[in-house]
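>>> 3D model of this:
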Amino acid sequence: MMLRKLFVLGVLAVAMAIGASAQAQEKLKWAHVYEASQPYHKWALWAADEIKKRSDGRFEVEVFPASSLGKEVDINEGLSLGTVDIIYTGFQFAGRSYAPMGISGYPYVYASVDHWKTFMSSDLFQDLAKGYLDATGHKAITATYYGQRHVTSKKPVSQPADMEGLKIRVPNAPAYTIFPEATGANPTPIAFAEVYLALQQGVVDAQENPLPTIQAKKFYEVQKYINLTGHITDSLLTILGGPLVDRISDADEKLITDVLVEAAANCTAEVEQKEKDLVAWFEAQGNVVNTDVDVPAMQAATAKYYSANKMPWPQDVWDRLQALNK
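Numbering: from 1, shown residues only. Down below sits the predicted model:
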């Protein structure tokens, strides 16, 4: 009888221990709008595994790609609602909540990718992240390089004059219309899924995207010239939702943050290498990669636009960003 009682107590103790362990594990949701085949998703999965490993299983992160938890607006809102815990999002979307953060998504605010990297490790980024935190309660941890955006077309585009009258597809956001407007082109917002057909049928003459996107979406099939304008240096913020930060310890927040920063650095390196490799790849497909673009002239035209129009950031933010170009 005594042995049976001890056995029952032992079983109960094990069950309670298992229950306590299950309660200690927290499941987190990481949402983004990019395809599962893209490096951003690959490194998000790596980060999820690392967070689970380094936390001894206390955190389990499930990554939801390809807008499976909603479009970019939805997942940004989900941070506040607590329906998602971590997201990738563009600086432009973060800028809707805290306007100065959006500066990173505008044309020719960076002179080079190295300029962007300097910004990401600067006090300016930390100050913008603090402003975003104060406005939203969410923490912008770091950013992953998405690529420089370039113009593809059926004719070479080397000078601002070559842009005049060009009907170019752009995303439906103000930052993307500035470069075309500054150079006399006609920016035409078209849904991303419809771009290939619009190019093929001549609805628009050109479009602009990073090289990996031009390859993935096969725009090179219907556009002869890939003109290296590099007019926007795009990147994706990694953001921790406020409700998550509020309920975890400082040590766990640091653990998660360290992994996210490492994942962003690794993904950035992969995207940079892919950009380099794609130049030869496009040429092998019969495209002309136009490296003879007068970027300083394009920058000057854009700067003239900025001086004539009010931009959604304080002058000191602009000055500090430009001072980082070494």
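
>>> tell me the secondary structure for the nearest residue to Glu60 once chain neighbours are set aside?
In space, and not counting its chain neighbours, Glu60 is closest to Lys27: 5.0 Å by C-beta to C-beta, 6 or more residues apart in numbering. Quick note: C-beta positions are derived from backbone N, CA and C, even for glycine. In the three-state summary, Lys27 is assigned as strand, counting by DSSP: H, G, I helix; E, B strand; the rest coil.

>>> give me every residue that touches Lys27.
Going by C-beta atoms under 8 Å, 6 or more residues apart in numbering, Lys27 touches Phe59, Glu60, Val61, Glu62.

>>> repeat for Ala129
Neighbour list for Ala129: Met101, Lys139, Ala140, Ile141 [criterion: C-beta under 8 Å, 6+ apart].

>>> Ok, Asp234 next?
Applying C-beta under 8 Å, 6+ apart to Asp234 gives the contacts Gly90, Gly105, Tyr145, Tyr146, Gly147, Gln148, Arg149, Pro210.

>>> Can you list phi and psi of it for me?
phi -90, psi 150 (degrees, to the nearest 10).

>>> picking that back up, closest to Ser121 out of the contacts of Asp234?
Tyr145 (13.0 Å; C-beta to C-beta).

>>> That closest one contacts Ser235, correct?
Yes. Taking contacts as C-beta atoms under 8 Å, Tyr145 lies within contact range of Ser235: 5.3 Å.

>>> so what sits against both of those two?
What both Tyr145 and Ser235 touch, as defined by C-beta under 8 Å, 6+ apart, is the set Trp116.

>>> thinking again about what came up before, go through the contacts of Ala129 and give me the one with the most neighbours.
Most neighbours among these, by other C-beta atoms under 10 Å: Met101, with 26 neighbours.

>>> which SS state does that one fall under?
Relying on three-state DSSP, one would call Met101 helix.

>>> Now stretch 191-211: average pLDDT?
Mean pLDDT, stretch 191-211: 95.

>>> Can you give me the first-to-last residue distance of it?
Terminal residues of stretch 191-211 are spaced 19 Å apart (C-alpha to C-alpha, to the nearest Å).

>>> Could you give me the buried positions within that stretch?
For stretch 191-211, burial by neighbour count (16 or more other C-beta atoms under 10 Å) applies to Val195, Tyr196, Ala198, Leu199, Val204, Asp205, Ala206, Gln207, Glu208, Asn209, Pro210, Leu211.

>>> Over to stretch 263-276?
Buried residues in stretch 263-276, counting neighbours by 16+ other C-beta under 10 Å, are found at Ala263, Ala264, Ala265, Asn266, Cys267, Thr268, Glu270, Val271, Lys274, Glu275.
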